[in-house]
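> Following is a predicted model, sequence given first.
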Number of protein chains: 2
Amino acid sequence: MAGYVSDAVIRRLPGYYRYLQELEESGEKQISSQELGKRMGLTASQIRQDINCFGGFGRQGYGYEISKLKEHIGEILGIYKDHKMIIIGAGNIGQAVANYANFPKEGFDVIGVFDNNPNKVGQKIGGMTIRELSTLGDFLDQKKVDIGVLAVPAKDAQSLTNLLVEKGIKGIWNFAPKDIKTPEEVASVNVHLSDSLQVLSFKMTYDKEDDK
Amino acid sequence: MAGYVSDAVIRRLPGYYRYLQELEESGEKQISSQELGKRMGLTASQIRQDINCFGGFGRQGYGYEISKLKEHIGEILGIYKDHKMIIIGAGNIGQAVANYANFPKEGFDVIGVFDNNPNKVGQKIGGMTIRELSTLGDFLDQKKVDIGVLAVPAKDAQSLTNLLVEKGIKGIWNFAPKDIKTPEEVASVNVHLSDSLQVLSFKMTYDKEDDK
């Protein structure tokens, strides 16, 4: 990739990927920066800037080749990498993640679900049997796991993070309503469900544009 | 507010609000743009720019008064407004939203949950009885509802959106894995769960910074 990429660009990448995939599925071959911009709520020049940011593509006057650009962005996002993922916490969010149909397609493969509730252990979600949380350490000793999904109460988030880090996990996707801390070599994203609701609330007052 | 505010700033507002709230709860009174920047993963000058964007605050050399700044951002986000909210779809996501403890505190008040599954109708989630989806139109005729939460399959998202719009709803928070279209006067935010997973995947490859 061509040097520094800003956080704002990184956050737009999944949107680019998603839209290009839709275009590809509908049989489109080429798209101009104008059209792409219209869909993404950005100017054509911003689109060109973004795309230059991760290593130039497209030819003046020809626009972008959809499938190539999609593949390139997918590679940057690392979504063809076959990430092995485990879910800790089989509540609503844990179950939603376990059942999310598109993850396998996108290279995220859930290989284990854990909970400490005896009523849940042994039940099935997303085709998997929920395991007892106390077996998590052994599981991580035996299997290569790339990503841990935390869908647990706030009070358990950091101690579970520490265990995952100790066992060599590389990324944590945290849904607990408490931001976690990881050492520099372990990536993490804290999801705040209500952030996008607050953005909606803002839009209801100050503008009426769609969130594109 | 002071004129145009970029999408990137809007998306950062919930993070500011959340962090300022934590600081307030821990008894802090003042914060410098340097400290705030460190936490938000931004430079001090970017912090000052952001905050100027929504109408200047703080004094040179004194930093920001935490509770005032928090309140101001909360007002911009419209989160003290007491939004009445309904949830359509009582699956995992619908239930997660219904049970989210912080929404009432933040001024989002769930007043109805709907589903078309006869096994779910009549059950309780988040203290509310799930209503039959076919009664949604009547409900909206009788009650003032500000926000509709769509937690339904992709195929039902647009037709339900159309009904909500027809009944005068002002904002739609869409979790269906298909972007919805609304007329200009109705705000909408499409949530894509997997976007933040893709950002994590990116970070696992290209940098190891926390998602702040």
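Good, I have the coordinates. Numbers count the residues shown, from 1 in each chain, chains lettered A, B, ... in the order given.

> so A:Gln49 is in which element?
Remark: A:Gln49 resides in helix A:44-53, with elements defined by DSSP states H and E.

> Show me what that helix is packed against.
Contact here means 3 or more C-beta pairs under 8 Å, 6 or more residues apart in numbering or on different chains; DSSP states H and E; on that basis helix A:44-53 packs against helix A:7-25, helix A:33-40. Using the backbone N, CA and C atoms, a C-beta is placed for each residue, glycine as well.

> Dump those helices into JSON lines; add mean pLDDT, mean neighbour count and distance to chain B as well.
Putting the helices and strands packed on helix A:44-53 into JSON lines (pLDDT from 0 to 100; neighbours: other C-beta atoms under 10 Å in any protein chain shown; distance: least, C-beta to the nearest C-beta, whole Å) gives the following:
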{"stretch": "helix A:7-25", "mean pLDDT": "87", "mean neighbour count": "19", "distance to chain B": "4"}
{"stretch": "helix A:33-40", "mean pLDDT": "85", "mean neighbour count": "18", "distance to chain B": "10"}
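
> To B:Asp146, which of those lies closest?
Proximity to B:Asp146 (C-beta to C-beta) singles out helix A:7-25 among the helices and strands packed on helix A:44-53, at 26.2 Å.

> what's next to that closest one, contact-wise?
Under the contact criterion C-beta atoms under 8 Å, 6 or more residues apart in numbering or on different chains, helix A:7-25 has outside partners A:31, A:36, A:39-40, A:42, A:50, A:53-54, A:66-67, A:69-70, A:73-74, A:76-77, A:79, A:212, B:8, B:11, B:41, B:192, B:194-196, B:198-199, B:202-203.

> Tell me the helix or strand right after it.
Heading C-terminal from helix A:7-25, the first helix or strand you meet, by DSSP H and E, is strand A:30-31.

> neighbouring contacts of that following strand?
Outside strand A:30-31, the residues within contact range by C-beta under 8 Å, 6+ apart are A:20, A:23, A:62-66.

> Okay, now the sheet partners of it, with direction.
Strands flanking strand A:30-31 in the sheet, each with its direction: strand A:64-65 (antiparallel) (DSSP bridges).

> what element comes up after the partner strand heading to the C-terminus?
The C-terminal neighbour of strand A:64-65 among helices and strands, as given by DSSP H and E, is helix A:66-77.

> residue contacts, the closest residue to A:Val121 other than its chain neighbours?
Beyond its immediate neighbours in the sequence, the residue positioned closest to A:Val121 (C-beta to C-beta, 6 or more residues apart in numbering or on different chains) is A:Glu132, lying 4.9 Å away. The neighbours of A:Glu132, taking C-beta under 8 Å, 6+ apart as the test, are A:114-116, A:121.

> Let's test this: what are the backbone torsions at A:Glu132?
When read as degrees, to the nearest 10, the backbone of A:Glu132 gives phi -70, psi 130.

> With the one 10 residues further on instead?
Backbone torsions for A:Gln142, taken as degrees, to the nearest 10, come to phi -90, psi -30.

> same check, this time on the one 10 residues further on
Taking degrees, to the nearest 10, you get phi -130, psi 170 for the backbone angles of A:Val152.

> so what pLDDT did the residue nearest to it when sequence neighbours are not counted get?
If the residues on either side of it in the chain are set aside, A:Val152 comes closest to A:Gly89, at 4.1 Å by C-beta to C-beta, 6+ apart. Here, the pLDDT recorded for A:Gly89 equals 97.

> Over to A:Asp211?
Per the predicted model, pLDDT is 42 at A:Asp211.

> And A:Gly3, by the same measure?
Per-residue pLDDT puts A:Gly3 at 51.

> And for A:Arg59?
64.

> Show the average pLDDT along the helix holding A:Gln49.
Taken as a whole, helix A:44-53 has an average pLDDT of 84.

> what sits up against it?
A:2, A:5-6, A:9, A:12, A:16, A:32-34, A:36-37, A:40, A:42, A:57-58, A:64, A:69.

> Flag every buried residue along that helix.
The neighbour-count check on helix A:44-53 (16 or more other C-beta atoms under 10 Å in any protein chain shown) flags A:46-48, A:50-51, A:53 as buried.

> Repeat that for stretch A:149-168.
Neighbour counts using 16+ other C-beta under 10 Å place A:149-152, A:156-158, A:160-161, A:164-165 of stretch A:149-168 among the buried residues.

> Give me the subset of the residues you listed lying in helices.
Using DSSP state H, the subset of the buried residues of stretch A:149-168 located in helices is A:156-158, A:160-161, A:164-165.

> just curious, which of these is nearest to B:Asp141?
A:Ala157 (42.7 Å).

> contacting residues for the closest one?
For A:Ala157, the residues meeting the contact criterion (C-beta under 8 Å, 6+ apart) are A:150, A:174, A:176, A:178, A:180.

> What subset of the residues you listed is buried?
A:150, A:174, A:176, A:180.

> so A:Trp173 sits in a strand?
Yes. Assignment of A:Trp173 by DSSP: H, G, I helix; E, B strand; the rest coil places it within a strand.

> got the contact list for it?
With C-beta under 8 Å, 6+ apart, A:Trp173 has these contacts: A:147-150, A:188-189, A:191, B:196-197, B:200.
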